[in-house]
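Engineer: next comes the sequence, and after it the predicted model I'd like to discuss.
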Amino acid sequence: MILIMFFHFSIGMADVYVAGYLGTDVLAAVGYVSQLYWTFMILANGITVGTVSMISQAYGANSSEGVGHVTAHSLILGVVIAGLITVGAQLYPGPIVRIAGMPLEIRDISERFVSIFSLVLVPTYIMIISGGVLRSSGRIIVAMVNSFIASAANVAGDFILPFGWGPIPAMGYSGIAWATAIATSLGMVLNLFFILRGPARVTVKSLLTPLPRCFHNLVKLGVPPAIQQTAWNAGTLVVYFLVAQLPHAEVTALAAMTAGVRIEAIVFLPIFALNMASAVLTGNRLGAGDTSGARASAKVTAGLCLGIIALPVIAMFVFAPEVASLLSHDEAVHDEMVRYLRINMVGMPFLAIGVSLAGALQGAGDTFSTMRIVFTGMWIIRIPLMLVMIHLVGAGPTGIWWSMTVSIALMCFLFVIRFRTDAWTRASVDKTNKTMLWEACVPALVRGKTESLPQSETR
């Protein structure tokens, strides 16, 4: 999972690097459209969270039919949602760009990006959902290899398509978008090749036997993560707005924060990778009826996450001045970036534990509680605390950085409290018929029958 996260990170870096060569307007458009693109992906990520929870539990219960039917329903749901978004984006790229508030100078470029990206929203949704299927059903190595191939194709396309190579004509800035489109389609094909094979494969029958209750359960588990991500992204925009309102220091603080966030991504990669790993492990154990094993795996994963980030966090704290000097030669920005990095590194151990436990809760199907805690951390703790620091204490940028760290620590505390209860271990149980949520996706189980994975496949 750490490698998969690194591969995805490399795509963004290549996009920005090549866009910088093509002009400031292209670089600005890539940054803007990337945020808009991930807004389109919020529902895909939400569906994937629900899919991972249900499939990891079905896999833990040794149900090949369960894995196949949940996968089929997830893909149908993803295709329908992506199809609707595609139609809207193809018909109204101009209004979408204007509503997003993009500057007039980059609107034509942004509209072109939106038009190309929206053409492959269906393949992108399928790639994201099927990637979740692979990693939650014991095929994480397959998911990693496919991710590497697709990411390598994207990076190669970034450097070939905009400038041309041999018989391939130069496409200009459109080449960046087409590189992503081609790589996404390749990733979809690779993932589908594996989920359409084996005992847990998607069959024509599973695609033609949709069960309303299954869709209901996927939406039940998937909507809270989508709301959670929307609330967090909106809160982050508010944070940037508050930083921009600081008297006499807004430009310096914005520059320091923008660069600092890029540097922090190095530490974020293993944290969010282990968040997804924890979801799978917890779901597998709960699916097997092993509640104590689910707890143990969550604790071990949180401890592992803390251990993995310890060295880079310490190094980042100690060498913050040297790291900051690589990204800025302005003395004021450099000093503010050092303060930003050091204060945020204090919160990283809390982030590691909290995010890892959040993954365990999501794998257990406790997505509503995770959403509630994240919403509380951003909108009830972080933003009000920042307002106090700015307007009552007058702490300036330093007060904002400490507000971020304190909110992370308190969110971690809330996740620990939730984890210590037993309620999250029962989140995937249908309270009406006392069955697991994934079982509503399997006609045979609805009729009281079941089919198990061969023991060798489970191992």
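Structural biologist: Ah, there it is. Note that the structure is a prediction, hence the values are computed from the model and not measured.
Engineer: right, and the helix or strand after the helix or strand containing residue 402?
Structural biologist: Using DSSP states H and E, residue 402 sits within helix 396-419. Remark: after helix 396-419, the chain's next helix or strand is helix 443-446, criterion DSSP H and E.
Engineer: same for the helix holding residue 402, what does it pack against?
Structural biologist: With contacts defined as 3 or more CB pairs under 8 Å, 6 or more residues apart in numbering; DSSP states H and E, the packing partners of helix 396-419 are helix 212-244, helix 250-287, helix 331-363, helix 367-375, helix 383-387. In short, each C-beta sits where N, CA and C put it, glycine included.
Engineer: so where is the chain shaky, pLDDT-wise?
Structural biologist: 100-103, 248-250, 446-459 (pLDDT under 70).
Engineer: thinking again about what came up before, show me which residues of the helix holding residue 402 are buried.
Structural biologist: Within helix 396-419, the residues that count as buried by 16 or more other CB atoms under 10 Å are 396-412, 414-415, 418-419.
Engineer: how about the strands in the stretch 101-250 of the chain?
Structural biologist: With strands called from DSSP state E, counting those that start in this stretch, the stretch 101-250 of the chain shows none.
Engineer: in stretch 68-85, what's buried?
Structural biologist: 68-79, 81-82, 85.
Engineer: domain-wise, how is the chain divided?
Structural biologist: Domain ranges of the chain: 1-210+432-459, 223-428, per automatic domain parsing.
Engineer: those domains: which one's closest to residue 216?
Structural biologist: Nearest of these to residue 216, taken as CB to CB: domain 1-210+432-459 at 7.6 Å.
Engineer: tally of neighbours for residue 348?
Structural biologist: By the criterion of other CB atoms under 10 Å, residue 348 has 23 neighbours.
Engineer: wait, it sits on residue 311?
Structural biologist: No: Residue 348 lies out of contact with residue 311 (CB atoms under 8 Å); the separation is 11.5 Å.
Engineer: can you tell me how far the nearest residue to residue 227 once chain neighbours are set aside is from residue 255?
Structural biologist: Leaving out its chain neighbours, the residue that sits closest to residue 227 by CB to CB, 6 or more residues apart in numbering is residue 371, at 5.6 Å. Distance, residue 371 to residue 255, using CB to CB, to the nearest Å: 32 Å.
Engineer: mind checking which of those two has more residues around it?
Structural biologist: residue 371 (23 against 19).
Engineer: what sits against the residue nearest to residue 174 when sequence neighbours are not counted?
Structural biologist: Residue nearest to residue 174 in three dimensions, not counting chain neighbours: residue 112, with 5.9 Å by CB to CB, 6+ apart. Contact analysis of residue 112 by CB atoms under 8 Å, 6 or more residues apart in numbering lists 173, 174, 177.
Engineer: give the contact list for the last one.
Structural biologist: By that I understand residue 177. 112, 113, 116, 117.
Engineer: for those, which single residue is the most surrounded?
Structural biologist: Counting neighbours by other CB under 10 Å, residue 113 comes out on top of the contacts of residue 177 with 26 neighbours.
Engineer: centre of the chain to stretch 376-396, how far?
Structural biologist: 26 Å (CA atoms, centre = their mean, to the nearest Å).
Engineer: stretch 305-321 now?
Structural biologist: On CA atoms, centre = their mean, the centre of stretch 305-321 falls 23 Å from that of its chain.
Engineer: can you pull the buried residues of it?
Structural biologist: By 16+ other CB under 10 Å, the buried positions in stretch 305-321 come out as 305, 306, 308, 309, 313, 316, 317, 320.
Engineer: could those residues be laid out in CSV, adding distance to residue 330 and secondary structure?
Structural biologist: Below are these laid out as CSV (distance: CB to CB, whole Å; DSSP: H, G, I helix; E, B strand; the rest coil):
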residue, distance to residue 330, secondary structure
305, 35, helix
306, 34, helix
308, 33, helix
309, 29, helix
313, 26, helix
316, 20, helix
317, 22, helix
320, 16, helix
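Engineer: save those as CSV, and put in distance to residue 246 too.
Structural biologist: Below are the buried residues of stretch 305-321 laid out as CSV (distance: CB to CB, whole Å):
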residue, distance to residue 246
305, 33
306, 33
308, 34
309, 30
313, 27
316, 24
317, 24
320, 21
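Engineer: nearest to residue 440, of these?
Structural biologist: Nearest to residue 440 among the buried residues of stretch 305-321, with distances taken as CB to CB, is residue 305, at 32.4 Å.
Engineer: might you report the residue contacts of that closest one?
Structural biologist: Residue 305 neighbours (CB under 8 Å, 6+ apart): 270, 271, 274, 352, 353, 355, 356.
Engineer: any of those residues buried? List them.
Structural biologist: Neighbour counting by 16+ other CB under 10 Å classes 270, 271, 274, 352, 353, 355, 356 among the contacts of residue 305 as buried.
Engineer: neighbours around residue 145, how many?
Structural biologist: 16.
Engineer: and what of residue 93?
Structural biologist: Neighbour count for residue 93, taken as other CB under 10 Å: 20.
Engineer: wait, isn't it in contact with residue 117?
Structural biologist: No: at 9.7 Å, residue 93 and residue 117 do not qualify as touching, with contact defined as CB under 8 Å.
Engineer: so what's residue 410 closest to, chain neighbours aside?
Structural biologist: Distances taken as CB to CB, 6+ apart put residue 381 closest to residue 410, at 5.4 Å, once the chain neighbours are dropped.
Engineer: any idea how far residue 125 is from that neighbour?
Structural biologist: From residue 381 across to residue 125, the span is 33 Å (CB to CB).
Engineer: of the two, who's got more company?
Structural biologist: A count of neighbours by other CB under 10 Å puts residue 125 above the other of residue 381 and residue 125, at 30 against 18.
Engineer: ok, the more buried one - contacts?
Structural biologist: Contact partners of residue 125, counting by CB under 8 Å, 6+ apart, are 44, 47, 78, 79, 81, 82.
Engineer: same question, residue 154
Structural biologist: 11, 14, 179, 180, 182, 183, 184.
Engineer: report the buried members of those.
Structural biologist: 11, 14, 179, 180, 182, 183, 184.
Engineer: mind checking which of these land in helices?
Structural biologist: Among the buried ones among the contacts of residue 154, the members falling in helices (DSSP state H) are 11, 14, 179, 180, 182, 183, 184.
Engineer: in CSV, list these along with distance to residue 389.
Structural biologist: CSV is the format used below for these (distance: CB to CB, whole Å):
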residue, distance to residue 389
11, 36
14, 37
179, 42
180, 39
182, 46
183, 43
184, 42
